[in-house]
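Engineer: model the structure of this input:
(one chain, ligands or ions: 2)
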Amino acid sequence: MKRYVGKGVFAAAAYGRIKILESSKIPVAETKAENTEKEKKRFENAKSEAISQLQEIYEKALEETGEENAQIFSIHMMLLEDEDFNDAVIDNIQSMKVSADYAVYKAGEDFSHLFSSMDDPYMKARCADIIDISQRLVKILSGVSVEDDCPVTTDEKVIICAEDLTPSETVNLDKNKVAAFVTVYGSSNSHTAILARNMNIPAVIGIGNDFFKEIKDGDFAVCDGSTGEVFVNPDEKTVGLMEDKQRKDAERLRLLQELKGKESITLDGRKIKLFANIGSVSGVSAVIENDADGIGLFRSEFLYLEGKDYPGEEEQFSAYKKVLEDMKGKKVIIRTLDIGADKQVDYFNLKKEENPALGNRAVRLCLSRPELFRTQLRALYRASVYGNLGIMFPMITSVWEVEKILNFCSLVKKELENEGSRFDENIEIGIMIETPAAAIISDRLAKYVDFFSVGTNDLTQYTLACDRQNSDIEDFCNPHHEAVMRLIKTACDNAHKNGIWIGICGELAGDTTVTEEFLKMGIDELSVSPSYVLKLRDKIRRIRLG
Ligand code: PEP
Ligand code: MG
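Structural biologist: Ligands and ions are numbered 1, 2, ... in the order given. Just a heads-up that it's a prediction; the model follows:
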């Protein structure tokens, strides 16, 4: 038996025989082509074919894994139409006098290198998407069937092992034949990891090259997505333990479904608002599917990250209105723009900073660019009549910031009133407690707002002086640290002394090892990723506060 460890993506156990998926990436040699017009036409035809293939995959993904995952393939369709990508291909054909196959291949390689050199982990992870679309085009141009990508022919379920998987490869695999995924590379932000998580298939990524060199097709293996462990040719005891784990996982999942429609209430009757976090309009379906009581954090950045230019008031208004309508009167807390630090957008033309996490980000940026802030606030207020909206402001450190923000809100409301536009007068206004400063002066801040929401991701980073992006110091970046917990307790006490409610929307909200401690502090709301809602409800319903 040999044990390997990677990063678990979906916490469930699986076992089966290994099926190695060799990279289906076709390298393309530089072939000269004098007739550039003909090559451009071939490229256009291949693009049309790729779009119709992607439309089919989109529908398959929609049926099997839901709207949010299917969106990946809409993004691929958009990438195919991307002006920069198209210009690069045409330019390669024209200036290098090469075949459309090579022009596409080269553009794909160039763009993927560009993405992989970016600091932002989200952009880094887009590398696989670019390779995916350029390979689709190359295969169409060279007449290779895309079906050849999914060669699982056995009846028994297998553990798919690959250096990396593209989103198309992941979704094209017959789900009924896949016990688990194991990849040498890949990050937890990659679309493949997201797909695996949402398809409820255990996955271990980043297992390392040794694993790939040492395994062979048909080896028996067990894979534990919760610990990231993979055992190849395991002994009987390990198989037994894993079978046991698998039985328990399946039973736990079944039991959790029974909690839908039930209250999030402790054994001694304390009700907790159990909300969910989303990052796009399509995320609402998962919130409803998992029966969350509302949305505790809607990261509005996606509107800015997806486009090539600032999203206008109408675009934002439609997005917020849709979420509010879909949530049918349940609370929706939308956080205003949190750009800067790890979330960079080219068209913002932000100045290069020595310490971006301590720089011009989030509300600081909004206050220094009033027009940007005004547009978002106008869209939010106008959308407020379509549901139960709360607005939350990130990265607060001082009372003057809150005063200035509230001033902005008053000006926007006046403007809308003068124009005769409707808005809800009773929107709850909240701030994030994600800096030690905000927690320490929370007694004063509480006088200005209706609620607090603790962002434990940033609160941990700023309290412990640990860059949350730096995986080398993960051991030092401990959200359970006494200092972090004491700051949360301070904010909680100050919120209640001033008659406002307090929630937690950082990752720690979903950590069931500290749920009891949070409830004992008096935390009123927990907002977690949709897939954690039922697990957390189960935990809350087993707690007796005494
Ligand atoms: C946080 O900091 O905990 C938080 C919820 O915000 P984000 O992760 O988007 O910075
Ligand atoms: Mg934050």
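Engineer: could you pull out the buried residues of stretch 402-415?
Structural biologist: For stretch 402-415, a neighbour-count test (16 or more other CB atoms under 10 Å) marks 402, 405, 408-409, 412-413 as buried. From N, CA and C alone the C-beta is placed, and that goes for glycine too.
Engineer: next, format those residues as TSV and append secondary structure, pLDDT and distance to residue 479.
Structural biologist: Shown next, in TSV, are these (DSSP: H, G, I helix; E, B strand; the rest coil; pLDDT from 0 to 100; distance: CB to CB, whole Å):
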residue	secondary structure	pLDDT	distance to residue 479
402	helix	98	25
405	helix	98	27
408	helix	96	32
409	helix	97	31
412	helix	97	35
413	helix	97	37
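Engineer: SS state for residue 512?
Structural biologist: coil (DSSP: H, G, I helix; E, B strand; the rest coil).
Engineer: next, count neighbours for the residue lying closest to it once chain neighbours are set aside.
Structural biologist: Spatial nearest neighbour of residue 512, excluding adjacent residues (CB to CB, 6 or more residues apart in numbering): residue 539 at 4.4 Å. By the measure other CB atoms under 10 Å, the count of residues near residue 539 is 20.
Engineer: again, but for residue 170
Structural biologist: 31.
Engineer: helices or strands up against the helix or strand containing it?
Structural biologist: Take DSSP states H and E as the rule and residue 170 turns out to sit in helix 167-172. Contacting helix 167-172 under the criterion 3 or more CB pairs under 8 Å, 6 or more residues apart in numbering; DSSP states H and E are the following elements: helix 36-65, helix 67-81, helix 127-142, helix 191-198.
Engineer: show me the helices in the stretch 151-300 of the chain, by range?
Structural biologist: Assigned by DSSP state H, counting those that start in this stretch, the stretch 151-300 of the chain shows helices spanning 167-172, 191-198, 209-214, 236-257, 284-289.
Engineer: lowest mean pLDDT across those, which one is that?
Structural biologist: Ranked by mean pLDDT, the helices of the stretch 151-300 of the chain bottom out at helix 191-198, with a mean of 68.
Engineer: so how far is ligand 1 from residue 46?
Structural biologist: Distance, residue 46 to ligand 1, using CB to the nearest ligand atom, to the nearest Å: 39 Å.
Engineer: how about the residues of the stretch 251-400 of the chain by ligand 1?
Structural biologist: 297, 299, 338 (CB under 6 Å from any ligand atom).
Engineer: do the stretch 401-546 of the chain as well
Structural biologist: Residues of the stretch 401-546 of the chain found near ligand 1 (CB under 6 Å from any ligand atom) are 434, 455-458, 505-506.
Engineer: let's see it at 8 Å
Structural biologist: Residues of the stretch 401-546 of the chain lying near ligand 1 by CB under 8 Å from any ligand atom: 432, 434, 453-461, 505-508.
Engineer: can you name the two of those that are farthest apart?
Structural biologist: 453 and 461 (16.3 Å; CB to CB).
Engineer: what sits against residue 144?
Structural biologist: Neighbouring residues of residue 144 by CB atoms under 8 Å, 6 or more residues apart in numbering: residue 26.
Engineer: tell me where the stretch 251-400 of the chain has strands.
Structural biologist: Per DSSP state E, counting those that start in this stretch, the stretch 251-400 of the chain carries strands over the ranges 273-278, 294-299, 331-335, 388-393.
Engineer: who's the residue nearest to residue 503 when sequence neighbours are not counted bridged to?
Structural biologist: Distance criterion CB to CB, 6+ apart; nearest residue to residue 503, sequence neighbours excluded, is residue 525 at 3.0 Å. For residue 525, the beta-bridge partners are residue 273, residue 503 (DSSP bridges).
Engineer: let me know the pLDDT of the closest residue to ligand 1 within the stretch 151-300 of the chain.
Structural biologist: In the stretch 151-300 of the chain, no residue comes nearer to ligand 1 than residue 299, which is 5.5 Å away by CB to the nearest ligand atom. You'll see residue 299 listed with a pLDDT of 91.
Engineer: so who does the closest residue to it other than its chain neighbours touch?
Structural biologist: Counting by CB to CB, 6+ apart, residue 299 lies nearest to residue 279, which is 4.6 Å off, once chain neighbours are set aside. Contact partners of residue 279, counting by CB under 8 Å, 6+ apart, are 298-299, 301-302.
Engineer: 10 Å instead?
Structural biologist: 68, 297-302, 305, 529 (CB atoms under 10 Å, 6 or more residues apart in numbering).
Engineer: next one: residue 238
Structural biologist: The contact partners of residue 238, by CB under 10 Å, 6+ apart, come to 1, 3, 15, 222, 224, 229, 231.
Engineer: and for the closest residue to the fifth one other than its chain neighbours, the neighbour number?
Structural biologist: Counting by CB to CB, 6+ apart, the nearest residue to residue 224 once its immediate chain neighbours are dropped is residue 13, at 5.1 Å. By the other CB under 10 Å criterion, the neighbourhood of residue 13 contains 24 residues.
Engineer: burial count for the residue nearest to residue 503?
Structural biologist: Residue 525: 24 neighbours (other CB under 10 Å).
Engineer: distance of it from residue 297?
Structural biologist: Counting by CB to CB, to the nearest Å, the separation of residue 525 from residue 297 is 10 Å.
Engineer: which residues are in contact with each of these two?
Structural biologist: Common neighbours of residue 525 and residue 297 (CB under 10 Å, 6+ apart) are 275, 333, 453, 503-505, 509.
Engineer: can I get the buried residues of stretch 402-415 in JSON lines including distance to residue 520?
Structural biologist: Output for the buried residues of stretch 402-415, formatted as JSON lines (distance: CB to CB, whole Å):
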{"residue": "402", "distance to residue 520": "28"}
{"residue": "405", "distance to residue 520": "32"}
{"residue": "408", "distance to residue 520": "37"}
{"residue": "409", "distance to residue 520": "34"}
{"residue": "412", "distance to residue 520": "39"}
{"residue": "413", "distance to residue 520": "39"}
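Engineer: picking up where we left off before, which one of the helices of the stretch 151-300 of the chain lies closest to residue 421?
Structural biologist: helix 284-289 (24.5 Å).
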